[in-house]
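> sharing a sequence plus its predicted fold:
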Amino acid sequence: MEAQETIYCRGHPFVLGNHTTTFEVTREGHLTKNGNCIIGIAADKGCDGLSPEFKRVLSHDDTVLHTRLSCEGITAEVKSRGSFGLTLDHPTDIVWRRSSFVCGRTIGIVSDHVAATLPKTLIAHLVAEKEMIIVLTAKRPG
């Protein structure tokens with residue numbers, strides 16, 4: 001069982017990319033230096049904008065979420081897990097977490113990358129306000 005989503009967003013001069021436990025994209029069109037986990041703004045959807053099919057596949061403990069972040073020819077691959085606890089109902093935010101904490105903003109848990117471990121060249125393009133494409137693929141065995 002597999003489902004896919006694509007999210008479009010852009011960077012901002014205040015993208016820091018130094019958070020050690022999460023990374024986030026948001027529909028919000030602004031960013032302050034306090035948002036050090038945020039790597040993309042002006043996203044075309046938050047968690048609540050994901051398709052019902054994608055949410056259904058992702059909301060199982062055995063689901064693997066593959067996230068591909070692409071900006072200006074730089075690509076980062078992130079592997080996370082889904083969870084039965086995901087509600088995916090936040091209107092603006094999407095968060096990948098190193099921990100297993102879930103809330104309405106969480107899309108992936110036990111992620112193998114966080115903002116601080118993403119390629120510095122990717123972060124530099126986002127600081128320059130370049131566009132980023134995020135491709136999400138949720139795969140469930142069977």
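Perfect, I can see it now.

> quick check, L69 in a strand?
Yes - assessed with DSSP: H, G, I helix; E, B strand; the rest coil, L69 lies in a strand.

> so who does the closest residue to it other than its chain neighbours touch?
Nearest residue to L69, sequence neighbours excluded (Cβ to Cβ, 6 or more residues apart in numbering): A76, at 4.5 Å. All C-beta spots, glycine's among them, are computed from the backbone N, C-alpha and C. Contact partners of A76, counting by Cβ atoms under 8 Å, 6 or more residues apart in numbering, are R68, L69, H113, L118, P119, L122.

> which strand or helix spans A76?
Following DSSP states H and E, one finds A76 within strand 74-81.

> which secondary structure elements does the helix or strand following that strand sit against?
Going down the chain from strand 74-81, the next helix or strand is strand 93-97, by DSSP H and E. Helices and strands touching strand 93-97, by 3 or more Cβ pairs under 8 Å, 6 or more residues apart in numbering; DSSP states H and E, are strand 22-26, strand 74-81, strand 106-108.

> as TSV, these with distance to H90 and mean pLDDT would be great.
What follows is the helices and strands packed on strand 93-97, written out as TSV (distance: least, Cβ to Cβ, whole Å; pLDDT from 0 to 100):
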stretch	distance to H90	mean pLDDT
strand 22-26	9	98
strand 74-81	16	98
strand 106-108	8	98
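
> ok, back up a step: report the distance from the strand holding A76 to the chain centre.
Distance, stretch centre to chain centre, for strand 74-81: 9 Å (Cα atoms, centre = their mean, to the nearest Å).

> with stretch 84-100 instead?
Using Cα atoms, centre = their mean, the offset of stretch 84-100 from its chain centre is 9 Å.

> first-to-last residue distance for it?
Using Cα to Cα, to the nearest Å, the end-to-end distance of stretch 84-100 comes out at 11 Å.

> which parts of it are buried?
Across stretch 84-100, burial judged by 16 or more other Cβ atoms under 10 Å covers L86, L88, H90, T92, D93, I94, V95, W96, R97, R98.

> so for that stretch, what's the average pLDDT?
Stretch 84-100 carries an average pLDDT of 98.

> noted, bye for now.
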